[in-house]
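Novice: sequence and predicted structure are below.
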Amino acid sequence: MNANDVETLFPNILKNIRLISEQILASISKRYDTWEKDSCIGDKFQSFIPFLKQYKDYCRNNERSGKMLVTLINQNKKFKEYLEEEEKL
């Protein structure tokens, strides 16, 4: 695999998406812990709207990275073996 392949499969944006997802979960969980009859969570999502735009970039790359993954599995024996070992964990 070359550096371009790695970037396609594991774009830097994944770190940001993970952090955003963790923050959304924490925010919603906090609201859930104090949930009352008239509570809602829409405001929590609204506060994250500016950050959710990063998901669009991830989705744009998803088809390309999926195709690359299939190609690598079919053409790179070491990569395929690595994935198989990781799946066992």
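Specialist: Alright, I've got the coordinates.
Novice: give the buried residues for the helix or strand of the chain with the lowest mean pLDDT.
Specialist: Across the helices and strands of the chain, the lowest-confidence element by mean pLDDT, DSSP states H and E is helix 3-9, at a mean of 86. Of the residues in helix 3-9, 5, 8, 9 count as buried by neighbour count, 16 or more other C-beta atoms under 10 Å. To be clear about C-beta, it is placed using only N, CA and C from the backbone, and glycine gets the same treatment.
Novice: and the gap between the residue nearest to the first one when sequence neighbours are not counted and residue 17?
Specialist: Think residue 5. Sequence neighbours aside, residue 68 is the residue nearest to residue 5 in space, at 6.4 Å (criterion: C-beta to C-beta, 6 or more residues apart in numbering). Distance of residue 68 to residue 17, given as C-beta to C-beta, to the nearest Å: 19 Å.
Novice: for the lengthiest helix in the chain, list every residue counted as buried.
Specialist: Counting by DSSP state H, the longest helix found in the chain is helix 49-75. Going by neighbour count (16+ other C-beta under 10 Å), the buried part of helix 49-75 is 61, 65, 68, 72.
Novice: one more: stretch 74-81?
Specialist: residue 79.
Novice: and that stretch, what's its mean pLDDT?
Specialist: When pLDDT is averaged along stretch 74-81, the result is 92.
Novice: contacts for it next, please.
Specialist: Among residues not part of stretch 74-81, those counted as contacts by C-beta atoms under 8 Å, 6 or more residues apart in numbering are 1, 72, 73.
Novice: send over that stretch as CSV, restricted to the C-alpha atoms.
Specialist: Coordinates of each C-alpha in stretch 74-81 appear next as CSV, following Å, rounded to 0.1, in the frame of the first residue of the first chain:
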residue,chain,number,x,y,z
ASN,A,74,-8.2,-9.2,-4.0
GLN,A,75,-4.7,-8.1,-5.1
ASN,A,76,-2.7,-7.9,-1.9
LYS,A,77,-2.3,-11.2,0.0
LYS,A,78,-0.5,-9.7,3.0
PHE,A,79,-3.3,-7.1,3.4
LYS,A,80,-5.9,-9.8,3.2
GLU,A,81,-4.2,-11.9,5.8
